[in-house]
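Enquirer: sequence unavailable; structure follows:
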C-alpha cells in the first residue's frame, strides 16, 4: 500500500528538480532592452486587496497589452502588463521623461485617497518583483498627501545577469495634492543606475528586500529554543509511558496477580469498529493524501521552486499534487473500509473525493464573489473556475475511484488485530470531566502547537503580510517535529483512555491528533489583533475564510497521524500480553 505513494512522490521530486534546474537563463548584452512590466497596486496593510495597475490615474500606454497568465498567476491575482519604462542593460539614465499627466478634480481626489491609504505598486523586471509607493504623507501632518514625480531604479549586475533591482523615490520631487485642487499637470520622470556585485545569480531571489522589512535575526534562536522544549517534553512523556507499560506487562504476565482492571480487561472491545465507518475511512484517506501533498510542497521549497516573484508557482504545484495524490486518498480509504466490513464502497469513494473539496469550493465561491464585487485582481474569472472544476472532475475524481478499486483489491477483507472482538459491547465506566473528549482535545492540541507557534508568525507574515519565506529547511524540521509530537501525545492520551476501560479510542485519537488545528485558528485571531494592520470586509473575509479551510486541512492531516500512531501502539501492547 506504500509503493504507489512512494512512486508519486518520487516522480514529483524528479519533476521539481528538473523544473528548478532548467529555468530561464536571463542573460543580456550591453545596451540590450530589459522589459519592465507593471502588475498590481493596493493598500500596504491589505496584501489581498490588489487592483489593476492601470485602474488608477497613472502614466499608461495608449494600448495596454497584458501578458497571458498561467494558472498560478491567475490564482495569485497577477495581471502583468507592459509599461512605459525603457531600461537598457548597463545604461545609466538621468531624469528620463516617462509622461506628462494632466489630472482633473476627480482623479486628484482619487490619488489623494490612495496616498493616504499608503498604496504601493508592483513591477516585474527580469522576473524580479520591484515595489514602491505612489506617494507619501507629511509625517507631522498625516492628512497631507504628496505625489511622487520621480523614481530611481537602482540595479546591480554580475557579468551579463541582473542580480537585484530596487526602487527609491526622490523626496525632493513631489507634488502636493490639496483637498480643494481642481486641476494639475505633473511631469513624471525616472532614472537608472547600474553597479557591479559579486553575488551569484542563483541567490538573487533570496536577497533581503529594501522595501519590505524583514525580521529574521531571532528566527534560528527562537526555533532552537522551541525544539529543545518540545523534545524534552516529548521525551518525558515517552519515558513515563515506557515505565508504566513495563509495569503493566509484568503485572499482566503474572498469573498470581489480580488482572481484573486496566486496559487488558477491554481486549474484547478495543478493536470494535467505530460508528460512521465510511466517514471515518474517508477522513483517513484524505489525511493520507494531505500528508503526501505537504511532503511534496516541502520538497518543492527545498529545491527552490518557491521564491519571491515566482508567479503563483505554489498554487500550480499544489493543484498538481492534489490531483496526483487523489489516488492515495481513494486507496487508503477503500482499504480501511473493506477491512472494517464496509459494503457501500461507492458511497465511500464519493465521500472521500468530496470530504475536503466540497467545503473548499463553498468557501472559495463565497470569497471569489466578494472579490469580484470589489473588482480586485484576486477574483478568479469564471472560465478559469470552470476549467479548474473540470480538471477536478476529469482527473481527481477518476484518480480517487481508481485508487479505491486498487485499495479494495489489496485488502483481504480482514482487519489485523491481535485479539478477537466480542459480540456484546462492554459497559463503559463513567469518567470525570477532565477525561471527556473536548478537554482531551485541548490538552492534545497544546503541545504540538507549542512546537510550531514561533514558526507560525513567519508563515503568517509571508502569507498575510509582505515578508518572504525562504527557510524551507527550518519548515521541514518544524513539520517533522509537529508529526512526532502529535503522534506521541495521541499515543499517551489513548493509553490513559484505555486504562480507564474506555475502548472508544478510534474517533477520539483522530480528534485529539487534529486538535492542533483549533489552536492554529485561535492564533489567527491573535495575529490579526497583535501583528497585522489589516482592515476592511474584503481582506478580513479572505483572511478568516481561507484560514478556516487551511485549518480544516491540518485537522484532517494531523488527525490521521494521531489515529495511525495510536493504532500501531494499541496493536503492539495487545500483542505483548496473553489474552484468553
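Expert: Received, thanks. For clarity, every value in this text was computed on a predicted model and none was experimentally measured.
Enquirer: quick one: list the elements packing against the longest helix along the chain.
Expert: Identified as the longest helix of the chain according to DSSP state H is helix 537-575. Packing partners of helix 537-575 (3 or more CB pairs under 8 Å, 6 or more residues apart in numbering; DSSP states H and E): helix 277-302, helix 357-374, helix 472-499, helix 505-514, helix 516-530. In this view, the C-beta of every residue, glycine as well, is placed from N, C-alpha and C.
Enquirer: nearest to residue 81, out of those helices?
Expert: Closest approach to residue 81 among those is made by helix 357-374 (19.3 Å; CB to CB).
Enquirer: beyond that closest one, next helix or strand please.
Expert: Next along the chain after helix 357-374, taking DSSP states H and E as the criterion, comes helix 382-391.
Enquirer: before we move on, the earlier item: most tightly surrounded among the helices and strands packed on helix 537-575?
Expert: Mean neighbours per residue, mean count of other CB atoms under 10 Å, is largest over the helices and strands packed on helix 537-575 for helix 505-514, with a mean of 25.
Enquirer: avg pLDDT for that helix?
Expert: Helix 505-514 carries an average pLDDT of 94.
Enquirer: over to stretch 328-337?
Expert: pLDDT averaged over stretch 328-337 gives 94.
Enquirer: pull the distance from that stretch to the chain's centre.
Expert: The chain centre lies 25 Å from the centre of stretch 328-337; the measure is CA atoms, centre = their mean, to the nearest Å.
Enquirer: repeat that for stretch 381-388.
Expert: 22 Å.
Enquirer: any idea how far residue 204 lies from residue 458?
Expert: 21 Å (CB to CB, to the nearest Å).
Enquirer: circling back to that earlier point, can you list the helices and strands packed on helix 537-575 in JSON lines and add distance to residue 128?
Expert: Listed next are those as JSON lines, based on distance: least, CB to CB, whole Å:
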{"stretch": "helix 277-302", "distance to residue 128": "19"}
{"stretch": "helix 357-374", "distance to residue 128": "27"}
{"stretch": "helix 472-499", "distance to residue 128": "20"}
{"stretch": "helix 505-514", "distance to residue 128": "40"}
{"stretch": "helix 516-530", "distance to residue 128": "29"}
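Enquirer: out of the ones you listed, which gets the lowest mean score?
Expert: helix 472-499 (a mean of 88).
Enquirer: and that one with helix 516-530, angle?
Expert: 130 degrees (axes from the mean of the first three to the mean of the last three CA atoms, to 10 degrees).
Enquirer: just checking, what packs against helix 472-499?
Expert: On a contact count with 3+ CB pairs under 8 Å, 6+ apart, helix 472-499 meets helix 219-252, helix 277-302, helix 437-463, helix 505-514, helix 537-575.
Enquirer: redo that, cut-off 10 Å
Expert: Helices and strands touching helix 472-499, by 3 or more CB pairs under 10 Å, 6 or more residues apart in numbering; DSSP states H and E, are helix 219-252, helix 277-302, helix 437-463, helix 505-514, helix 516-530, helix 537-575.
Enquirer: the fourth one to helix 437-463, inter-axis angle?
Expert: Read it as helix 505-514. Here helix 505-514 points in a direction 30 degrees away from that of helix 437-463 (the same axes, to 10 degrees).
Enquirer: can you give the distance of helix 505-514 from its chain's centre?
Expert: With CA atoms, centre = their mean, you get 23 Å for helix 505-514.
Enquirer: got the angle between that helix and helix 537-575?
Expert: Using the same axes, to 10 degrees: helix 505-514 against helix 537-575 is 130 degrees.
Enquirer: show me what helix 505-514 is packed against.
Expert: helix 277-302, helix 437-463, helix 472-499, helix 537-575.
Enquirer: what do you get for the first one?
Expert: Contact partners of helix 219-252 among helices and strands, from 3+ CB pairs under 10 Å, 6+ apart: helix 437-463, helix 472-499, helix 537-575.
Enquirer: try it again with 7 Å
Expert: helix 437-463, helix 472-499 (3 or more CB pairs under 7 Å, 6 or more residues apart in numbering; DSSP states H and E).
Enquirer: and the shortest one, what's buried?
Expert: The reference is to helix 437-463. Of all the residues in helix 437-463, those buried under the rule 16 or more other CB atoms under 10 Å are 440-441, 443-445, 447-463.
Enquirer: need the contact partners of stretch 547-567.
Expert: Here stretch 547-567 makes contact (CB atoms under 7 Å, 6 or more residues apart in numbering) with 283-284, 286-288, 290-291, 294, 356, 359-360, 363, 483, 486-487, 490-491, 494, 505-506, 509-514, 516-517, 520-521, 524.
Enquirer: buried sites along it?
Expert: 547, 549-567.
Enquirer: give me the three-state assignment for residue 534.
Expert: Put simply, residue 534 is coil when judged by DSSP: H, G, I helix; E, B strand; the rest coil.
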